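Participant: structure, please.
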Amino acid sequence: MKRINLGEVWLNVEERGQGSPLLLVHGFPLDHTMWSEQIEGLSSHFRVIAPDLRGFGHSDAGKQPLTMDRFADDLAALLDALEISVPLVYCGLSMGGYVGWRFMERYGDRVKQLIQCDTRAAADSPQAAKTRRETAERVRREGQAVVAQSMKAKLFAPETAENNPDIVAAMESVMLATPRETIAGALVGMAERPDSTKDLSQIKVPTLLLVGEHDAITPPQEMRQLVKDLPKSRLIEIPAAGHMAPLESPAAVNAAILEFLNS
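Facilitator: Sure thing, here's the model as predicted:
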C-alpha cells in the first residue's frame, strides 16, 4: 500500500504488477478492496493501480461535496504523481463509472481502453436526486447504517447472498467504516453529476461494458442502451451476479477483461 500526496489530500493506493497501467475505480460507498480479485488476477498481466477515492478507505476527505469531477481530477493528479504518462485502461464500477465518464470528458487523451461495470451514463431524475440529498441528511443525523442496510440487499445477486455470505459481510463492514460525511458528500456529488449520455458518441476508444445478470441498480437492459450510444463498445452479461459483478463472479469478469484487453 502507498500513500500518495496530491497536495490537498493524500490518497491510499494499492499498486501491483508491471506493464501497461490498469486503473480500477471503486463504487459507492466502498473502497479499493472490492477489486481484490482483479488485483490478484490481473497484476501478472498489467500494472494494476487501485486507489481509495478521497474520503473512502484510508484516503483523506478534503473538500466537499465529493463531486465526480473532483474525483476525476484526483485520479489525473494521482497518475502524474505516479509518473504514468502512457495511455491507460480505465475500469470503473457504479460510481466509479460515473467518475469514468467525467474522466473521459476531461482527460480522455490519457485513456486507450475503457471498461465500465454496472453503471449508467444518465443523470439522476429530479426525484432520484432529491432522494439522494434526503438520504445524505439522514446519514449525517443517523450514521452509516442508513446506507449500509438499504444497499446490502441491492448490491448482490440472491445466489451470492445465499452461497457467499462472507462477501456480503465484508462489503457491509467497509460501508459501515466509511465516514458518514464521506457518504453524505458522495450522495450529493452523485445527485449533482451531469448527464453524460450526450457525450457518449464522442468516446472513440474501445469500450467494454460489464453487467451482472441480476443487477437491480443498473439492470442489463439499461446497459444495452449504452452499446447503441458508444461507437466502439460491446456488452458482456455476467451470469449469477448482481451489481457487484467483479466481486461476485471474479473468474468470469477477469476472463472478460483479459480477452477484451488482448483482442
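Participant: how about the strands in this protein?
Facilitator: Using DSSP state E, the strands assigned to the chain run over residues 2-5, 10-16, 21-25, 47-51, 88-93, 111-117, 207-212, 233-238.
Participant: tell me what the fifth one is packed against?
Facilitator: It stands for strand 88-93. strand 21-25, helix 95-107, strand 111-117 (3 or more Cβ pairs under 8 Å, 6 or more residues apart in numbering; DSSP states H and E). From N, CA and C alone the C-beta is placed, and that goes for glycine too.
Participant: beta-bridge partners for Leu88, please?
Facilitator: Val111 (DSSP bridges).
Participant: how much space separates it from Ser125?
Facilitator: The gap separating Leu88 from Ser125 is 33 Å, by Cβ to Cβ, to the nearest Å.
Participant: I figured Val25 hits Trp101, correct?
Facilitator: No. Contact between Val25 and Trp101 fails when scored by Cβ atoms under 8 Å: they sit 11.4 Å apart.
Participant: contacts only, for Leu22.
Facilitator: Neighbouring residues of Leu22 by Cβ atoms under 8 Å, 6 or more residues apart in numbering: Leu42, Phe46, Arg47, Val48, Ile49, Leu88, Val89, Cys91, Leu261.
Participant: kindly apply the preceding question to Val168 instead.
Facilitator: Val168 touches Lys152, Leu155, Phe156, Thr160, Ala161, counting by Cβ under 8 Å, 6+ apart.
Participant: contacting residues around the residue nearest in space to the middle of the chain?
Facilitator: Per Cα atoms, centre = their mean, the C-alpha nearest to the average position across the chain is that of Gly96, at 2.4 Å. Listed by Cβ under 8 Å, 6+ apart, the contact set of Gly96 reads Leu24, Val25, His26, Gly27, Leu53, Cys117, Thr119.
Participant: now it, nearest residue through space, not along the chain?
Facilitator: Among residues not flanking Gly96 along the chain, Val25 sits closest, at 3.4 Å (Cβ to Cβ, 6 or more residues apart in numbering).
Participant: rounded mean pLDDT for stretch 124-137, please.
Facilitator: Mean per-residue pLDDT for stretch 124-137: 97.
Participant: can you dump the C-alpha coordinates of it into CSV?
Facilitator: The C-alpha trace of stretch 124-137 is given here as CSV (Å, rounded to 0.1, in the frame of the first residue of the first chain):
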residue,chain,number,x,y,z
ASP,A,124,-30.4,11.3,-11.8
SER,A,125,-34.0,12.1,-12.3
PRO,A,126,-35.2,15.1,-10.2
GLN,A,127,-36.9,12.6,-7.8
ALA,A,128,-33.8,10.4,-7.6
ALA,A,129,-31.6,13.4,-6.9
LYS,A,130,-34.0,14.6,-4.2
THR,A,131,-33.9,11.1,-2.6
ARG,A,132,-30.1,11.1,-2.6
ARG,A,133,-30.0,14.5,-0.8
GLU,A,134,-32.5,13.4,1.7
THR,A,135,-30.5,10.2,2.4
ALA,A,136,-27.4,12.3,2.8
GLU,A,137,-29.1,14.3,5.6
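Participant: chain center to that stretch: distance?
Facilitator: 20 Å (Cα atoms, centre = their mean, to the nearest Å).
Participant: what residues sit buried inside that stretch?
Facilitator: With burial defined by 16 or more other Cβ atoms under 10 Å, the residues of stretch 124-137 counted as buried are Asp124, Ala129, Arg132, Arg133, Thr135, Ala136.
Participant: who touches that stretch?
Facilitator: So stretch 124-137 is in contact with Ala123, Val146, Val147, Ile183, Ala184, Gly185, Leu187, Val188, Met190, Ala191, Glu192, Arg193, going by Cβ under 8 Å, 6+ apart.
Participant: mind listing what the residue nearest to Gly57 when sequence neighbours are not counted touches?
Facilitator: Of all residues not flanking Gly57 in the chain, Asp31 sits nearest, at 3.2 Å (Cβ to Cβ, 6+ apart). Residues near Asp31 by Cβ under 8 Å, 6+ apart: Asp52, Leu53, Phe56, Gly57, His58, Val174, Thr178.
Participant: ChimeraX command to pick out the buried ones of those?
Facilitator: Restricted to buried positions by 16+ other Cβ under 10 Å, the ChimeraX selection for the contacts of Asp31 reads:
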select :52,53,56,57,174,178
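Participant: that's all I had, so thanks and see you.
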